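Undergrad: Provided below for reference: sequence and predicted model.
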Amino acid sequence: MDYSYCTFRQKLLVAAVSLVLPAVSVAQSSNTDLQKQIDALQNQVTALNTEVQQATEWKSPNTLFHMSGYADVGYAQKESNDGSFAVGTFAPIFHYQYRDTVMMEAELEYEVVDDGETEVALEYMTIDWFMNDYAALVAGKFLSPIGQFRQNLHPSWINKLTSAPPGFGHDGAAPISDLGFQIRGGFPMGGMRANYAVFVSNGPEINAEAEDDGAGGIEGYELDGVAAEGFGTDVDGEKTFGGRIAILPIPSVEIGFSFATGMATVTNVEGDDDALPAGTVGSIVGESARDYDVIGADFVWFSGNMSLRGEYVKTEVGESTTGVTASEAAEWITWYTQFAYRLPNTKWEAVLRYTDYDSPHASVDQKQTAVGVNYLVTNNFIAKLTHELNDGLEGADSDLDLTMLQLAYGF
């Protein structure tokens, strides 16, 4: 055998393998690089698809956030007193909605009081579940659905005068707010429309006042006012039930009827530190809950540049024959009518409102004629001048006339 020939063949084979292996290695390396490029391209496509999806969601988002509200500043001068400038209210309103299913809404109220301090209050906060086209469940603290003023007109840029009608404030005839559950909505009724609200909430509380017997002692007690302001606890365990139903025989006219019923208990006594040493209802031994009833009616009519509206509210608290603050029944009644007219092709508006408010205390009873002139800079920015002609008990604040200027802005 020719060993030199075999050796040559072996060397040739080794040389061939040496040439082939780098080529295979290069091919494998090229495939790996190619795969990396494909993976990178796939990642870019995925990222692009995500951006496109996000852009589409921005046009039709699942969630919406919106902030609105109102603010006002002004000047007020009461008869025989010096006038003062004031920051009335700054009230941001927040809405956060998920699809057409649920929405959270809340209003904060910031107010600068007479001593310069800033007070903050939660005007309302609810979670609203839109159950169907005709009903929404509203849970939390909500504005009272009794009548129209509190739930629809109280923001300063909507209210056509600088003040609320007497009896529609704290301790007045009309409830302010409730804390509980409410179902509200609207529905067609023949050729008309109707809207409604029904609710259950924590009951209100009663403020009482001690009567001086003239000899430094206490002769008895009388009810001072009903605090219906959406309390976070029910001191007597009794719930309030109520609601409102309204019909619109034509789109420009609405007529509503309201009611509420439940129990209320005295939780605060003025002029008698011994009655409530701890400042709670539990300190009034034997104090009993009283009947609490509210009825109301309201209407509004729009026609061109004119609007005419009115409301009536009566709150009645029953008597109590037991407990520290045993006293007779009491009632608060208020009603108003308001006419507003915007001069055609101008930004000027004239307003006239008459109110009659009766309470258990003659010192706060008031008949008021309010005259206003407004200039609508824009639909949501209004300059208002209001003069109140007040007729009350002689020498009381309710008998003093009041002039007010106000800039109100809704945003």
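TA: Done, it's in. From a predicted model like this one, the values you see are computed outputs, not experimental measurements.
Undergrad: Can you tell me the strand partners of the lengthiest strand in the chain and which way each runs?
TA: If you go by DSSP state E, the chain has its longest strand at strand 253-270. Partner strands and pairing direction for strand 253-270 (DSSP bridges) are strand 205-212 (parallel), strand 239-250 (antiparallel), strand 290-303 (antiparallel).
Undergrad: closest to Leu223 out of these?
TA: Comparing these against Leu223 with Cβ to Cβ, the closest turns out to be strand 205-212 (5.6 Å). In short, each C-beta sits where N, CA and C put it, glycine included.
Undergrad: how much space between the one residue sitting closest to the centre of the chain and Glu109?
TA: The residue lying closest to the centre of the chain (Cα atoms, centre = their mean) is Tyr124, at 4.1 Å. Using Cβ to Cβ, to the nearest Å, Tyr124 is found at 10 Å from Glu109.
Undergrad: repeat for Leu352
TA: 28 Å.
Undergrad: Same check on Asp391?
TA: Taken as Cβ to Cβ, the span from Asp391 to Glu109 is 30 Å.
Undergrad: Same question for Lys36.
TA: Lys36 is 61 Å from Glu109, by Cβ to Cβ.
Undergrad: and if you look at Leu122?
TA: From Leu122 to Glu109 the distance is 8 Å (Cβ to Cβ).
Undergrad: again with Gly310
TA: Using Cβ to Cβ, one obtains 26 Å as the distance from Gly310 to Glu109.
Undergrad: Looking at these two, which has the bigger crowd around it?
TA: The neighbour comparison of Gly310 against Glu109 (other Cβ atoms under 10 Å) goes to Gly310, with 19 against 16.
Undergrad: Quick check: which helices or strands does the helix or strand hosting that one pack against?
TA: If you go by DSSP states H and E, Gly310 is part of strand 306-317. Applying 3 or more Cβ pairs under 8 Å, 6 or more residues apart in numbering; DSSP states H and E, we find strand 306-317 packed against strand 218-227, strand 290-303, strand 330-342.
Undergrad: Include mean pLDDT, distance to Asp356 and mean neighbour count when you put the ones you listed into TSV, please.
TA: Converted to TSV, the helices and strands packed on strand 306-317 look like this (pLDDT from 0 to 100; distance: least, Cβ to Cβ, whole Å; neighbours: other Cβ atoms under 10 Å):
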stretch	mean pLDDT	distance to Asp356	mean neighbour count
strand 218-227	84	18	19
strand 290-303	97	15	19
strand 330-342	97	6	19
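Undergrad: Among those strands, which comes closest to Thr32?
TA: Where the helices and strands packed on strand 306-317 are weighed against each other on Cβ to Cβ, the nearest is strand 290-303, at 76.4 Å.
Undergrad: Relative to the whole chain's centre, how far out is that closest one?
TA: 19 Å (Cα atoms, centre = their mean, to the nearest Å).
Undergrad: May I have the beta-bridge partners of Val193?
TA: Slight slip there: residue 193 is Arg, not Val. Bridge pairing for Arg193 - DSSP bridges - gives Pro188, Leu248.
Undergrad: Quick check, it in contact with Ile250.
TA: No - counting by Cβ atoms under 8 Å, Arg193 sits too far from Ile250 to count as a contact (9.4 Å).
Undergrad: Which one's more surrounded, the two?
TA: Taking neighbours as other Cβ under 10 Å, Arg193 and Ile250 compare with Arg193 leading, 16 against 10.
Undergrad: Next one: the more buried one from Gly185, what distance?
TA: Between Arg193 and Gly185 the distance is 11 Å, computed by Cβ to Cβ.
Undergrad: do the same with Ile38
TA: 56 Å.
Undergrad: Who has more neighbours out of the two?
TA: Relative neighbour count places Gly185 above the other of Ile38 and Gly185, with 16 against 10, counting by other Cβ under 10 Å.
Undergrad: For the helix or strand harbouring the more buried one, the averaged confidence score.
TA: Gly185 is located in strand 177-189, with elements delineated by DSSP H and E. Strand 177-189 shows a mean pLDDT of 96.
Undergrad: what angle sits between it and strand 239-250?
TA: 30 degrees (axes from the mean of the first three to the mean of the last three Cα atoms, to 10 degrees).
Undergrad: Report all helices and strands that strand 177-189 contacts.
TA: strand 135-143, strand 192-202, strand 239-250.
Undergrad: need the ones you listed in a markdown table with distance to Thr63 and mean pLDDT, can you?
TA: Shown next, in a markdown table, are the helices and strands packed on strand 177-189 (distance: least, Cβ to Cβ, whole Å; pLDDT from 0 to 100):
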| stretch | distance to Thr63 | mean pLDDT |
| --- | --- | --- |
| strand 135-143 | 18 | 98 |
| strand 192-202 | 26 | 97 |
| strand 239-250 | 31 | 97 |
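Undergrad: Which of the ones you listed sits closest to Asp298?
TA: strand 239-250 (7.9 Å).
Undergrad: Can you point out the buried residues in that closest one?
TA: Thr240, Gly242, Gly243, Arg244, Ala246, Ile247, Leu248 (16 or more other Cβ atoms under 10 Å).
Undergrad: What is the nearest of those to Ala330?
TA: Out of those, the member with the shortest distance to Ala330 (by Cβ to Cβ) is Thr240, at 17.3 Å.
Undergrad: which ones are touching that closest one?
TA: Taking Cβ atoms under 8 Å, 6 or more residues apart in numbering, we find Thr240 in contact with Asp178, Gly180, Val200, Ser201, Asn202, Gly203, Pro204, Ala260, Thr261, Gly262, Met263, Tyr292.
Undergrad: Many thanks, I have nothing further to ask.
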